[in-house]
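>>> sequence below, structure please.
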Amino acid sequence: MLEVANNCSFCDAPLAEAGENLEPVAVGAGITSRASSSRTSSVSVSLEEQPVEPEWRREVSRRLEDYRARRGHLRSDDLQSGLPFSRQSKINEELAAQERQREAERQRQAERQRVRTAQRKTEHVEICVQPELDFSSAAHERAHPQTALVPVASLVERRKAGLLDAIFLGLTYAGFLGLFRSLGGQLVVEKADTAVYLAVFFLFYGLYFSLFTACAEATPGMQLLCLTAVRLDGTVPDTRQLLWRSFGYLLAGATFMLGFVWALWDEDHFTWQDRISQTYITGAMPLMEQDACGLPVERQSFARK
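Sure thing, here's the model as predicted:
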């Protein structure tokens, strides 16, 4: 067993001084304690050599680190920026704040200008709806009679006038054939001759309606029944409209009288010649031209052609 010795066995010298800690330690513990004690002493010397930092600066640094930690900008390589305690730094901050304020004001003005521009554009938007079909020859005329003082003649009266015109046209054509026979011509009923007879009859038909319409403004059958053609406003038609009406008669006859039969389905009982020339047949007297008389509308009177 090991015994506790106070003196050296060779020179009889005391092994420990009075007041020294005699507790047993592990092997190598002395070396570690001496090294730690030396490091502690060196740190103490370095702390004594460094100047003491003011309390307010440490407080500012601590709050700055807390702010960076909350914002998530804390990095290991970040160095604390210098604190702007000089007067020039304050002036720079004020100038930067003024610049940011002016920039924000310019952005607000630009936004207001864009809003006003958009409002002006939307104010002038116009929606144009396609008008219904209008057969009028002028912009102020409509496709329907414009006055109740000059109504459209009934279909019965117009049929009677058409029947009289057909009788007169037939008699005229028969007289022409009689004259042709008396002059030595021969009337033969064959396919080629039938086409010639029809062509000649259509020629007489076109001359009959064109001449009486353009020159007398009414056919003999219409004149016997006191019918006349008027414009949509109830006044006397002009020469151009009468020529268009003559063309309408030719077109209606070329389609095997389909232009006349069209009056059965038309809402105003107009025929093709009525729609083309913007005129219609009436049994009333047409109105006088306002410009020719110089009278107001209330004092317009009827006039016979």
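>>> now the strands for the stretch 201-305 of the chain?
Using DSSP state E, counting those that start in this stretch, the strands of the stretch 201-305 of the chain run over 228-231, 279-282.
>>> so for Val156, which of those strands sits nearest?
strand 279-282 (12.1 Å; C-beta to C-beta). (Each C-beta comes from the backbone N, C-alpha and C, glycine too.)
>>> so where is the stretch 51-200 of the chain shaky, pLDDT-wise?
Within the stretch 51-200 of the chain, the segments meeting pLDDT under 70 span 51-53, 72-89, 120-143.
>>> can I get the strands of the stretch 201-305 of the chain in a markdown table including mean neighbour count?
Shown next, in a markdown table, are the strands of the stretch 201-305 of the chain (neighbours: other C-beta atoms under 10 Å):
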| stretch | mean neighbour count |
| --- | --- |
| strand 228-231 | 23 |
| strand 279-282 | 24 |
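>>> quick one: the ones you listed as JSON lines, columns for distance to Leu164 too.
Converted to JSON lines, the strands of the stretch 201-305 of the chain look like this (distance: least, C-beta to C-beta, whole Å):
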{"stretch": "strand 228-231", "distance to Leu164": "15"}
{"stretch": "strand 279-282", "distance to Leu164": "13"}
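>>> now tabulate these in a markdown table and tack on mean pLDDT.
Output for these, formatted as a markdown table (pLDDT from 0 to 100):
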| stretch | mean pLDDT |
| --- | --- |
| strand 228-231 | 93 |
| strand 279-282 | 93 |
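>>> can you say which of those is nearest to Glu99?
Nearest of the strands of the stretch 201-305 of the chain (C-beta to C-beta): strand 228-231, 76.5 Å.
>>> just the CA coordinates for the closest one, please, in CSV.
Provided in CSV are the C-alpha atoms of strand 228-231 (Å, rounded to 0.1, in the frame of the first residue of the first chain):
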residue,chain,number,x,y,z
THR,A,228,-101.7,59.8,-108.8
ALA,A,229,-98.1,59.2,-107.7
VAL,A,230,-96.7,61.2,-104.8
ARG,A,231,-93.5,61.2,-102.8
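>>> helices or strands up against it?
Judged by 3 or more C-beta pairs under 8 Å, 6 or more residues apart in numbering; DSSP states H and E, strand 228-231 is in contact with helix 239-254, strand 279-282.
>>> which other helices and strands contact the first one?
Secondary-structure packing of helix 239-254 (3+ C-beta pairs under 8 Å, 6+ apart): helix 191-216, strand 228-231, helix 258-261, helix 272-277, strand 279-282.
>>> for that helix, what is the average pLDDT?
On average, the pLDDT along helix 239-254 is 93.
>>> run through who's touching it.
Applying C-beta atoms under 8 Å, 6 or more residues apart in numbering, the contact partners of helix 239-254 are 137, 202, 205-206, 209-210, 213-214, 217, 229, 231, 237, 258-260, 262, 271-279.
>>> if you set the cut-off to 6 Å instead, what comes out?
Residues outside helix 239-254 that contact it (C-beta atoms under 6 Å, 6 or more residues apart in numbering): 205-206, 209-210, 213-214, 259-260, 272-273, 276-277, 279.
>>> export those to JSON lines and append columns for distance to Arg114.
Compiled in JSON lines, the contacts of helix 239-254 are given as follows (distance: C-beta to C-beta, whole Å):
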{"residue": "Tyr205", "distance to Arg114": "71"}
{"residue": "Gly206", "distance to Arg114": "69"}
{"residue": "Phe209", "distance to Arg114": "68"}
{"residue": "Ser210", "distance to Arg114": "67"}
{"residue": "Thr213", "distance to Arg114": "65"}
{"residue": "Ala214", "distance to Arg114": "65"}
{"residue": "Gly259", "distance to Arg114": "61"}
{"residue": "Phe260", "distance to Arg114": "65"}
{"residue": "Trp272", "distance to Arg114": "58"}
{"residue": "Gln273", "distance to Arg114": "60"}
{"residue": "Ile276", "distance to Arg114": "55"}
{"residue": "Ser277", "distance to Arg114": "56"}
{"residue": "Thr279", "distance to Arg114": "57"}
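>>> out of these, which are buried?
Using 16 or more other C-beta atoms under 10 Å as the burial test, the contacts of helix 239-254 include 205-206, 209-210, 213, 259-260, 272-273, 276-277, 279 as buried.
>>> quick check, nearest of those to Arg116?
Distances from Arg116 to these, taken as C-beta to C-beta, are shortest for Ile276 (52.7 Å).
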